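Q: Dropping the sequence and predicted coords here.
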Amino acid sequence: MRRYVIRRLIGIIPVMLGVIFVTMLTIELIPGDPVAMMLGENARPEQEAALREHLGLDQPLPVRYVKYVADVATGDLGRSIQTNRPVLDEIRDVWPNTLVLAVAAMALAIVAGVVVGVISAVRPYGVIDSIARVLALIGLSMPIFWLGLVMLYVFAYYFRLFPVGGTGSWKHYVLPAVALATPSIGILSRMTRSSLLDVMGEDFIRTARAKGLRGASIITRHALRNAMIPVMSVVGLQFGQLLGGAVLTETIFSWPGLGRLTVRGVFARDFVLVQGAVLTFAMAFVLINLLIDLSYAYIDPRIHYD
Amino acid sequence: MHISTRESITTEPRALGLATKPRSPAGDVARRFVRNRLALAGLFIVVLLAIMAIAAPVIAPKDPAASTLADARARPSREYLLGADELGRDILSRIIYGSRVALLVAVLAVGAATLVGGGIGLIAGFAGGWIDEVLMRLMDILLAFPYLLLAIAIVSALGSGVEKTTIAVAIWAVPNFARVVRGQVLTLKERDYVLAARALGARTPRLLLVHITPNIIAPIIVFASLYMANAILLEAALSFLGLGVQPPQASWGLMVASGRDFLRVDPHVTTFPGIAIMITVLGFNLLGDGLRDAMDPRLRNRF
Amino acid sequence: MEDRTTIPAGGELSRRRLLQMLGGGVLALSALGLLAACGDDDDDDDADDTGGDAGGGTQDATPTPAADDDDDDDATDEPDDADDDADDDAQPGGTLVIGRPSDAVALDPHDETTSPGNWVMSNIYETLVVLTQDSEFVPGLAESWEQIDDSTWEFKLREGVTFHDGTPLTAEAVKFSIDRIKDPDNPGRSASNLAPITEVVAVDDLTVHVITDGPYGPLLNIMSLIYATGIVSPAAVEEFGADFGRNPVGTGPFRFVEWRSNDVITIERNDDYWGEKALLDQAHYRVIPEESARMLALETGEIDMVMFPAPSQLEIFRQNDDFEIAEVEGVRVFFFGFNVERPIVSDVRVRRAINHAVNRQEIVDSLLEGAGTVPTSYISPAVFGFKDISDSWAYDLDLANSLLEEAGWVDEDGDGIREKDGQRLELRHLAPRGRYLKDAEIAEAFQAAMLEIGIQINLEILEWATLFEQVRQPNIDADLFTLGWSTATGDADYSLWPLFGTDFVPPNGWNSHQYSNPEFDDLAARAQASTDPDERLELYGQMQDILAEDAVWVPIYNSKEIIIHADYVDGFRIHPIDYYLWLHTVSVDKD
């Protein structure tokens, strides 16, 4: 197991290299020039050329790639083309916001989703199950910006319970976290329900019942563990993606996170910034998935890695 | 998710000692499905969607592209049954025509992703070892890649329009499918019946085809229905950023996104297409749930 | 059949280990996050002048308002009445909270030309000359100026002005500020605005000579452009180097306090200001990207003033006594440009016909809801050189149709689209979405309107960077493209020549229309070189007449700068040029 973990950790490096390469290549290929974007209406050819040279953008792609990788290895993520500020600083400013929001949303989603899923699975097709399923489905079928806006109107404006946006107090977290969590609650509750039902249909469960074990104990000690694998997959994916920022939620609630930063970078073709953001996200994402994969092994001991 | 330690459904009820008549597996599934009201509702919605998409020119009261600026954001009335959008176009007609985009993107994109992503996950999970490593790392790279950038790249390289959006959405779904399917396969791989089949000398293709694949179809279906929902929502975001359909084509996502500026004064502009999205997504999900439930006879046993 | 009565609690990974690892993982990530946020203040040079809080440019994981603030997020707090102003006639200052859609790029004229940055910079920095809301030049940092010969202007600086860091304003500083933008190795973003200036000479401590390449009429406009000639403190630039953009030091009525990225920028009154002190204690510039959220924040009082309000809600706020709407015709014209070298639209009759078939009033009323006005020229009335040429595009469908017929375009096969010599009247139109107010919607409305006269528009909504790239290509592959051009200097020279001059066809400039007219070029050159306002007016008038004749554009609307603020915000005057947001006369009185 330890070897596996180490192998996976080392395996992060090629992923990172690959991600950087694909990012640089993609930005190279798509139309749009960061220098021109930056200068806007004030762009003139001589000025562009000077700026391009100053930023080292006139070098061919392979040269830039190698230089960038070397810089990253020393902790230098370069300077944002838009703001001329170290990318590390730009990301440092926003990533904690994204992390905290992601954790809050995910925690909420896991608790609510699993609980609802378990309730549904215990009495399938009952009234509670149907209501819960439909509610969960409604939650994940709403466009999130629509949901967010409605929440703003109702809770921030109408009831004045929470601020409209920005950061500053715990109250600022509530609405964005709930909005972010809602689709995940829907997904997780369905996944839990479906998975739990599968597991509960297995022979070993019947045997446990035959031995006289009670319902609740069966669920928690036997069924739930097995049921969690597909759920964990989804949790991993969701959390990982949340760590990259949630641009729509961040926009609606004026949350200064990684999502908005990255999108802004993409639209400005600020590839230095985008690369830095991608690296951050990729790193976090890969780590999370490693943890999830390892959790498979815990949950279902039949799975082993070596 | 699995069916049983046996290979087929028909033997199962007999093992439980229940009286049975010989039935075909498909018939079983269909029968169970039909008894599930929510599943039927889902099917109904999806069929309705398909009908709307096909019969759009016939059903739609007005030309979805016909714009009368003077009627901008008109409230629902006899002339505009669901009101008009900010360019004075009939919302109902645009919703009807928008079903084409929704269906196209959802079904095609997810369908393609299922095949590709599911296939990758199947191979990775089953083969294990370095094949698994390489494939999953490739998927990781794809997942770690900023999706928006990918979408812009696709659209700039291939141009915009609904087909390109479909590709962009499909690419989003592939790595997700791969991961999830792989997870399932990892579990199944170690089940007794698989080990038994192996011990009996079954070769890999047979193992994959006969033993494993049927047992992962159900979660794939559930995921597919989930992703069809997400696909529609993703199309909304892309269309809004100018990476989706081109005017004057109607897309629900675009309608919701551009109508949201008027939520305060004329909420109908964004709400009706939003409801259309919700109902459609609900339909796909109920259908998916229903299929899954119908395929698993274990549910017949209530505790 | 398998028999599993219990699942072993172990397996390869015991519960404890797993939880430890999961916990460790989450902790590690959080620690990374916290570490990144709180630590390393030594590394980034974000310490601000007032030596205030640990905030600087970074963000706490558990954000708290900065130490010397009123509570930034609760705008219903009492204003800081206890503040002792040096000027005892001033009303209590208070804090003004402004909501805007995006954040500044940098607070340094070298790196910032966008509005969100300029709104802050216009209070931190100053220029030698100021262009007022009434389009007049008044003294800024320069007390007086004089053109001493064809190519030389002399500016006399005020005495006793100091930068926020205490260093004095000298002619050297002015030279430094302008030179650093023009630095050929590292040009600033507005370097092209300063191209006509060849040299700046510090004659003595308080006298500056600005030398141009031949006579240059609009020099004062350039000298008033905050993002080109805002004067920065050389000492501070020396100290902060590349981080100056996060630690701006100027001479203005406000000084910089703090910048939380993508969240809020804080400035406070400069009590050592050379002129009349500002009234406000502080101003907070918040980022609220979503339009609806901005409007809600205004209503709940979380912000006091909103930039880019929602046109659809203007009426609501007009009727609400708790708010005031500040509006003025702006300097941006939103238009569709023709590539006049493309086969179909090279015929001026087609271009004129299209112009006559657009009902601009309806667009302004229905889509913009009054957040813009019908255009009366290719530049705004507020711009020096303006002449009304709107007759040349009066809404007249009959005229449009007859022009097309005259040009030989007739609908032969009855499908609603005209043809000529077997070719359909189809035009390719490139437009952005969300770059300008209602840009995509207007393009769609235009598409529908053209159908009425038998023209099929193949509309492509492009993402901005992609469109921008297209527009910069020689001979753009489209018949029509959408842009909005803002005359930032307030002088016609900034717009007319670069947009339509032969020398400026891409890649050399912005004449994506491929328009070339020697007579026009000649007039433009003469108008730029002349320093006689009357002569220049006359010349620009002629240039606009030519443009109207040749129908190079389909002008759609003239921008309107609209800012909504609470009624307890006093003393605000909106500026037609959207880069300026002057706060030194503003006070917040919530009593």
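A: That came through, no problem.
Q: Burial check on A:Ile11, number of neighbours?
A: You called it Ile, but residue A:11 is Gly. Neighbourhood size, A:Gly11 [other CB atoms under 10 Å in any protein chain shown]: 17. Placement of C-beta: from N, CA and C, glycine included.
Q: what's near enough to touch it?
A: By CB atoms under 8 Å, 6 or more residues apart in numbering or on different chains, the contact set of A:Gly11 is B:133, B:137.
Q: secondary structure class for it?
A: helix (DSSP: H, G, I helix; E, B strand; the rest coil).
Q: Same check on C:Gly160?
A: coil.
Q: what kind of secondary structure is the residue lying closest to it once chain neighbours are set aside in?
A: The shortest distance from C:Gly160 to any non-neighbouring residue, by CB to CB, 6 or more residues apart in numbering or on different chains, is to C:Trp274 (6.3 Å). For C:Trp274, the assignment made with three-state DSSP gives coil.
Q: from what I can see B:Ile171 touches B:Leu142, true?
A: Yes: applying CB atoms under 8 Å, one finds B:Ile171 in contact with B:Leu142, separated by 7.5 Å.
Q: My guess is the residue nearest to C:Gly160 contacts C:Leu157. True?
A: No: at 10.7 Å, C:Trp274 and C:Leu157 do not qualify as touching, with contact defined as CB under 8 Å.
Q: These two - which one has more neighbours?
A: Using other CB under 10 Å, the more surrounded residue of C:Trp274 and C:Leu157 is C:Leu157, with 25 against 17.
Q: isn't the more buried one right next to C:Asp204, touching?
A: No: at 9.7 Å, C:Leu157 and C:Asp204 do not qualify as touching, with contact defined as CB under 8 Å.
Q: okay, and the common contacts of those two?
A: Common neighbours of C:Leu157 and C:Asp204 (CB under 8 Å, 6+ apart) are C:Ala171.
Q: What residues does the stretch 151-300 of chain A have near chain B?
A: A:153, A:187, A:190-191, A:194-195, A:197-198, A:200-203, A:206, A:209, A:215, A:229-230, A:232-234, A:236-237, A:240-241, A:244, A:247-248, A:262-263, A:266, A:274, A:277-278, A:281-282, A:285-286, A:289, A:296, A:300 (CB under 8 Å from any CB of the partner chain).
Q: neighbours around the residue nearest to A:Tyr65 when sequence neighbours are not counted, how many?
A: Of all residues beyond its chain neighbours, the one nearest A:Tyr65 is A:Met24 (5.7 Å), with distances taken as CB to CB, 6+ apart. For A:Met24, the tally of surrounding residues (other CB under 10 Å) stands at 21.
Q: repeat for C:Glu136
A: C:Glu136: 8 neighbours (other CB under 10 Å).
Q: State the distance from it to chain B.
A: 37 Å (CB to the nearest CB, to the nearest Å).
Q: ok so, going back, show the buried residues in the residues of the stretch 151-300 of chain A next to chain B.
A: Buried by 16 or more other CB atoms under 10 Å in any protein chain shown: A:153, A:187, A:190-191, A:194-195, A:197-198, A:200-202, A:206, A:229-230, A:232-234, A:236-237, A:240-241, A:244, A:247-248, A:262-263, A:266, A:274, A:277-278, A:281-282, A:285-286, A:289, A:296, A:300, out of these.
Q: from memory the residue nearest to A:Tyr65 sits against A:Pro62, does it?
A: No: using CB under 8 Å, A:Met24 is not in contact with A:Pro62, being 9.6 Å away.
Q: who touches C:Glu126 in this structure?
A: C:140-141, C:230-231, C:250-252.
Q: again but with C:Phe254, I slipped
A: For C:Phe254, the contacting residues are C:123-124, C:267-270, C:278, C:280, C:283, C:583-584, by CB under 8 Å, 6+ apart.
Q: Number of residues surrounding C:Leu397?
A: For C:Leu397, the count of nearby residues is 14 (other CB under 10 Å).
Q: Show the contacting residues for the closest residue in space to it that isn't next to it in sequence.
A: Of all residues not flanking C:Leu397 in the chain, C:Ala357 sits nearest, at 6.0 Å (CB to CB, 6+ apart). Contacts for C:Ala357 were tallied using CB under 8 Å, 6+ apart; they are C:395, C:397, C:400, C:449-450, C:452-453.
Q: which one of those residues has the most neighbours?
A: Result: C:Ala400 is most packed of those (other CB under 10 Å), 25 neighbours.
Q: Output the set of residues of the stretch 151-300 of chain C in proximity to chain A.
A: C:184-187, C:189-193, C:195, C:242-243, C:245-246, C:260-264, C:286-290, C:292-293, C:296-297, C:299-300.
Q: Buried only: go through the residues you listed for me.
A: Buried among these (16+ other CB under 10 Å): C:186-187, C:189-193, C:195, C:242-243, C:245-246, C:260-264, C:286-290, C:292-293, C:296-297, C:299-300.
Q: quick one: the strands in the stretch 151-300 of chain A?
A: With strands called from DSSP state E, counting those that start in this stretch, the stretch 151-300 of chain A shows none.
Q: Sorry, wrong one. I was asking about the stretch 201-303 of chain B.
A: Under DSSP E, counting those that start in this stretch, the stretch 201-303 of chain B gives no strands.
Q: how about low-confidence regions in it?
A: B:202, B:204-211, B:218, B:240-242, B:295-303 (pLDDT under 70).
Q: Over to the stretch 201-306 of chain A?
A: A:203, A:213-222, A:245, A:299-306.
Q: residue ranges for the helices of it, please.
A: Using DSSP state H, counting those that start in this stretch, the helices found in the stretch 201-306 of chain A span residues A:203-210, A:215-217, A:224-243, A:247-252, A:258-267, A:271-299.
Q: Identify the residues contacting the fifth one?
A: In other words, helix A:258-267. Contacts for helix A:258-267 (CB under 8 Å, 6+ apart): A:80, A:82, A:90-91, A:94-95, A:97-98, A:243-251, A:270-271, A:273-274, A:277-278, A:280-281, B:146, B:148-149, B:152, C:102, C:262, C:289, C:463-465.
Q: rerun at 6 Å
A: With contacts defined as CB atoms under 6 Å, 6 or more residues apart in numbering or on different chains, helix A:258-267 is touched by A:94-95, A:98, A:245-247, A:250, A:273-274, A:277, B:146, B:148-149, C:465.
Q: Among the residues you listed, which one has the most neighbours?
A: A:Ala277 (31 neighbours).
Q: Distance-wise, check that one relative to B:Pro146.
A: Noted for A:Ala277: a distance of 7 Å to B:Pro146, by CB to CB, to the nearest Å.
Q: Which single residue of the stretch 51-200 of chain C ends up nearest chain B?
A: Closest residue of the stretch 51-200 of chain C to chain B, CB to the nearest CB: C:Pro101 (12.5 Å).
Q: what's near enough to touch that residue?
A: Counted by CB under 6 Å, 6+ apart, C:Pro101 has contacts C:289, C:308.
Q: how about a cut-off of 8 Å?
A: C:Pro101 makes contacts with C:116, C:287-289, C:291, C:294, C:307-308, as judged by CB under 8 Å, 6+ apart.
Q: Helices - which of those land there?
A: C:116, C:291, C:294 (DSSP state H).
Q: my guess is the last one contacts C:Phe308, does it?
A: So the one you mean is C:Arg294. Yes: with contact defined as CB under 8 Å, C:Arg294 reaches C:Phe308; the gap is 7.4 Å.
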